[in-house]
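Engineer: I'd like to go over a predicted model; first the sequence, then the structure.
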Number of protein chains: 2
Amino acid sequence: MKKFFTYNWQVRDEWFQWCQQLTHSQLVKEMDGGAGSILYTLFHIVEVENSWIRGIQGKEDSMYSFEDYATLEQVVSLSNRLREDHKRFIDIELPDLKEKIIKVTWDTIAYTCDDIIHHIIIHEIHHIGQFSIWARQLDFSPVPAHFVGRDLSF
Amino acid sequence: MKKFFTYNWQVRDEWFQWCQQLTHSQLVKEMDGGAGSILYTLFHIVEVENSWIRGIQGKEDSMYSFEDYATLEQVVSLSNRLREDHKRFIDIELPDLKEKIIKVTWDTIAYTCDDIIHHIIIHEIHHIGQFSIWARQLDFSPVPAHFVGRDLSF
């Protein structure tokens, strides 16, 4: 699973970098489908990953509000700050938790840790796929999505 | 990796089902960004998965042309037909091949089998994310993308 997280985080950082060329109004523009604007979707990716990982860790959910992270710099900073803990968790704790049953507060069903990890990974790739459409709508080239041929540091 | 393939194939089949409500002209309409039309993208997902899996298997690449699969029924039929072999491969052969080095004819770089498998999985989820935008543009609700809470038969 570590390769998927490494890929997701690198691609996310490349989209953060890509966002630098947009105006704030392009960043918060409501786009077709998806979760809303580009900036909100980036915040949503970060926040969903964090909620599920905290759920696996048995920690209380951290509620972040987009109103408090309404600039690119704030979302990048939140992503970087949370990643420290997520990286350590995936490196060290995750391998022993695969079949552990997790019940989070926002869902009525309990899932295995392994299934939640699949869910987090898919959630980010799914939204990033949407960015490549939105990029074209704004007349920009998207960040490439390929896994092979990408230089990843695990 | 089997869970990711099972998820991808189930979601793909749900999109095939979803496509039944579209006219042929909606299916082949050139959409914003991505690989082109909805039908072409479904064909592309099937074809890319097949090429890489055949590459891992050391088989010659099967070249499929979209001109020969230009209806929904033909793409569904191709997907179903190829899946028989892919399923068997992922169930039986893949677990022993993880670190095997693979050199395919259409790329100058050699990759591990494990990396190619990551690439195939990400490729499909990425394109499926785009479908959810295109669905909204055509005024339809997209197929849900969640992994947890989905009834998957592995």
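Structural biologist: Thanks, I have it.
Engineer: In chain A, which residue sits furthest out from the middle?
Structural biologist: For chain A, the largest distance from the centre (C-alpha atoms, centre = their mean) belongs to residue A:139, which lies 23.8 Å off.
Engineer: Surely that one forms part of a helix?
Structural biologist: No - read with DSSP: H, G, I helix; E, B strand; the rest coil, residue A:139 is coil and lies in no helix.
Engineer: what's it in contact with, if anything?
Structural biologist: Residues near residue A:139 by C-beta atoms under 8 Å, 6 or more residues apart in numbering or on different chains: none. Any C-beta I mention is one placed from the backbone N, CA and C, and that applies to glycine too.
Engineer: can you check the one 4 residues further on too?
Structural biologist: Listed by C-beta under 8 Å, 6+ apart, the contact partners of residue A:143 are A:11, A:14-15, A:18, A:128, A:131-132, A:135.
Engineer: For it, which non-adjacent residue is closest in space?
Structural biologist: Nearest residue to residue A:143, sequence neighbours excluded (C-beta to C-beta, 6 or more residues apart in numbering or on different chains): residue A:14, at 4.5 Å.
Engineer: Name the SS class of the one you found, please.
Structural biologist: Going by three-state DSSP: residue A:14 is helix.
Engineer: So for stretch A:109-122, what gets flagged as buried?
Structural biologist: Buried residues in stretch A:109-122, counted by 16 or more other C-beta atoms under 10 Å in any protein chain shown: A:111-122.
Engineer: swap in stretch A:19-32?
Structural biologist: A:19, A:22, A:26-29, A:31.
Engineer: And that stretch, how far out from the chain middle?
Structural biologist: With C-alpha atoms, centre = their mean, to the nearest Å as the basis, stretch A:19-32 stands 18 Å off its chain's centre.
Engineer: What confidence value was assigned to residue A:35?
Structural biologist: Looking at residue A:35, its pLDDT stands at 86.
Engineer: check contacts around it.
Structural biologist: Taking C-beta under 8 Å, 6+ apart as the test, what residue A:35 contacts is A:41, A:44, A:127.
Engineer: check these against chain B, which are close?
Structural biologist: residue A:127 (C-beta under 8 Å from any C-beta of the partner chain).
Engineer: Go through the contacts of residue A:35 and give me the one with the most neighbours.
Structural biologist: In terms of neighbours by other C-beta atoms under 10 Å in any protein chain shown, the contacts of residue A:35 top out with residue A:127 at 22 neighbours.
Engineer: For burial, what's the neighbour tally of the residue nearest to residue A:143?
Structural biologist: With other C-beta under 10 Å as criterion, residue A:14 counts 16.
Engineer: State the distance from it to residue A:151.
Structural biologist: 12 Å (C-beta to C-beta, to the nearest Å).
Engineer: Residue A:114 too?
Structural biologist: For residue A:114 relative to residue A:151 (C-beta to C-beta), the value is 28 Å.
Engineer: ditto for residue A:46
Structural biologist: Applying C-beta to C-beta to residue A:46 and residue A:151 gives a distance of 23 Å.
Engineer: same check, this time on residue A:135
Structural biologist: 22 Å.
Engineer: Of those two, which one has the most company?
Structural biologist: Neighbour totals were compared for residue A:135 and residue A:151, and residue A:135 leads with 19 against 5 (other C-beta under 10 Å).
Engineer: Work out for me the element that one sits within.
Structural biologist: Using DSSP states H and E, the element containing residue A:135 is helix A:113-137.
Engineer: Up against chain B, what does chain A have?
Structural biologist: Looking at chain B, the residues of chain A close enough under C-beta under 8 Å from any C-beta are A:3-4, A:7, A:31-34, A:107, A:109, A:111, A:114-116, A:118-119, A:122-123, A:125-130, A:132-137, A:142, A:145-149.
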